[in-house]
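Chemist: Based on what follows, work out the 3D shape:
(chains A, B, C and D)
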2 protein chains.
Amino acid sequence: MISRKTKYALQALGRLADNPAGEPVLIADLAERDGIPRKFLEAILVALRKGGVLQSRVGRGGGYLLAAPAGEITLARIVGILDGEFAPLPCLSGTHPTRCDECSDLDACGARLVMAEVKQAVSHTLENITLADLVERSRAERNRRRNLVDFSI
Amino acid sequence: MISRKTKYALQALGRLADNPAGEPVLIADLAERDGIPRKFLEAILVALRKGGVLQSRVGRGGGYLLAAPAGEITLARIVGILDGEFAPLPCLSGTHPTRCDECSDLDACGARLVMAEVKQAVSHTLENITLADLVERSRAERNRRRNLVDFSI
DNA sequence: TTAAAGTCTACAGATATTGTAGACATAAAG
DNA sequence: CTTTATGTCTACAATATCTGTAGACTTTAA
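Modeler: You can find the predicted model right below:
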């Protein structure tokens, strides 16, 4: 469902959200740490910057930083920037609604009615998860395991 | 999110679910009514038959029928047959789980943890909507409007 | 002035999706 | 038993989209 582009973005954004605020991270570092093709990641980060999620600094000592606190950056926003608005059917797009050729009765289309519900569910989920959750859950899982190990000693 | 293939499938299945039980419907009719390329629809229907959702009869008087009551055919099943199992990330596939190359710690991957939640939400929604719902909602919408018209006369 | 960064444009390659063609198999009607 | 109406199968063609690469350019700090 999500493109590799968005997957890479989530990985890189996770690293950035983990980093001390104000410390720019290099594209090259992000790319290497997660095995992402560097030039491809470059394009992804530019899109995220244009989308207002990232800030960049050019030149020596430069790199990328989050443009907002991790808790304010939702998955919906990230996915929207990279994969475009999530529309299970073209006629359900909010921004570029496109009617099917043979559709004589848009509002009574069964496929559209049920897919609207799916869209609603997905959007709701994506709106309610932030980068902070992503980082937090990863930490929680690591801690959980660390505790297991402690007990086993 | 869903392919054109699945969209066509939903349209055709809606027609079939609306048809009196036991009456086969011709591919050609389904194709024409919704403006679906005939040969393409053919392939879709074959997949659905192999997936156990449809029955076919060959020869004169033949055509397609639902293989089960509309209320027992979920969207999850239809989407699964045509688009494959829904996995927001390859490592979240139930049937062909594929680890990312550079992933050193699968269970603590933040992207994976949050996407698992999205997968859960989508699956839950798709499991809880059936073809009967699709038909019913379409009917309800048409009735709603018919009533509006009646009152306005 | 130089080196270290990000930026931009264009394209190449891979993969998936959508759509088409035509020969074939099966079943009913007469 | 022949004809006709139907679905089935295999192979391919045409797009479209996604992924990835190249290289010249701009900006900033040391």
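Chemist: A:E42 touches A:A28, doesn't it?
Modeler: No. Judged on C-beta atoms under 8 Å, A:E42 makes no contact with A:A28 at a distance of 9.6 Å. For glycine as for every other residue, the C-beta is placed from the backbone atoms N, C-alpha and C.
Chemist: Which one's more surrounded, the two?
Modeler: A:E42 (15 against 12; other C-beta atoms under 10 Å in any protein chain shown).
Chemist: what sits against the more buried one?
Modeler: A:I27 (C-beta atoms under 8 Å, 6 or more residues apart in numbering or on different chains).
Chemist: Check the secondary structure at it for me.
Modeler: helix (DSSP: H, G, I helix; E, B strand; the rest coil).
Chemist: low pLDDT regions in chain A?
Modeler: A:151-153 (pLDDT under 70).
Chemist: List, one by one, the residues from it near DNA strand C.
Modeler: Listed as neighbours of DNA strand C in chain A under the rule C-beta under 7 Å from any atom of the strand: A:24-28, A:39, A:42-43, A:45-46, A:49, A:56-64.
Chemist: Which of those fall within helices?
Modeler: Of the positions in the residues of chain A next to DNA strand C, A:27-28, A:39, A:42-43, A:45-46, A:49 sit in helices, assigned by DSSP state H.
Chemist: residue ranges for the helices of chain A, please.
Modeler: A:4-18, A:27-34, A:38-50, A:75-83, A:110-127, A:131-152.
Chemist: mind listing what the residue most central in space within chain A touches?
Modeler: The centroid of chain A falls nearest to A:I78 when counting by C-alpha atoms, centre = their mean (3.5 Å). A:I78 makes contact with A:6, A:9-10, A:13, A:48, A:53, A:131, according to C-beta under 8 Å, 6+ apart.
Chemist: one more time with 10 Å
Modeler: By C-beta atoms under 10 Å, 6 or more residues apart in numbering or on different chains, A:I78 lies in contact with A:2, A:6, A:9-10, A:13, A:47-48, A:51, A:53, A:126, A:129-131, A:134.
Chemist: Same question for A:I2.
Modeler: Contacts of A:I2 by C-beta under 10 Å, 6+ apart are A:9-10, A:75, A:78-79, A:82-83, A:86, B:1, B:87-89, B:111, B:115, B:118.
Chemist: Show me which of those residues is closest to A:N147.
Modeler: Lowest distance from A:N147 to these (C-beta to C-beta) belongs to B:A111, with 23.4 Å.
Chemist: how many neighbours does the closest one have?
Modeler: With other C-beta under 10 Å as criterion, B:A111 counts 27.
Chemist: For the closest residue to A:T98 other than its chain neighbours, give its distance to B:P88.
Modeler: Leaving aside its chain neighbours, A:T98 sits nearest to A:P90 (4.1 Å; criterion: C-beta to C-beta, 6 or more residues apart in numbering or on different chains). According to C-beta to C-beta, to the nearest Å, A:P90 stands 21 Å off from B:P88.
Chemist: again, but for A:D150
Modeler: Taken as C-beta to C-beta, the span from A:D150 to B:P88 is 33 Å.
Chemist: Just want to know which of these two has more residues nearby.
Modeler: Legend: neighbour count by other C-beta under 10 Å for A:D150 and B:P88, higher for B:P88 (23 against 8).
Chemist: picking up where we left off before, are any of the residues of chain A next to DNA strand C buried, and which?
Modeler: Taking 16 or more other C-beta atoms under 10 Å in any protein chain shown as the criterion, what is buried in the residues of chain A next to DNA strand C is A:25, A:27, A:45, A:63-64.
Chemist: For the residue lying closest to A:L134 once chain neighbours are set aside, which residues are in contact?
Modeler: Nearest residue to A:L134, sequence neighbours excluded (C-beta to C-beta, 6+ apart): B:G110, at 3.9 Å. Counting by C-beta under 10 Å, 6+ apart, B:G110 makes contact with A:10-11, A:13-15, A:17-18, A:131, A:133-139, A:141.
Chemist: And A:L45, by the same measure?
Modeler: Per C-beta under 10 Å, 6+ apart, neighbours of A:L45: A:8-9, A:12-13, A:16, A:27, A:30-31, A:53-54, A:56, A:63-64.
Chemist: restrict those to contacts with chain B.
Modeler: Among the contacts of A:L45, proximity to chain B is found for A:8-9, A:12-13 (C-beta under 10 Å from any C-beta of the partner chain).
Chemist: Pick out whichever of those sits closest to A:L106.
Modeler: Of those, the one sitting nearest to A:L106 (C-beta to C-beta) turns out to be A:A9, at 33.5 Å.
Chemist: if I read this right, A:A67 contacts A:L54, doesn't it?
Modeler: Yes. With contact defined as C-beta atoms under 10 Å, A:A67 reaches A:L54; the gap is 5.5 Å.
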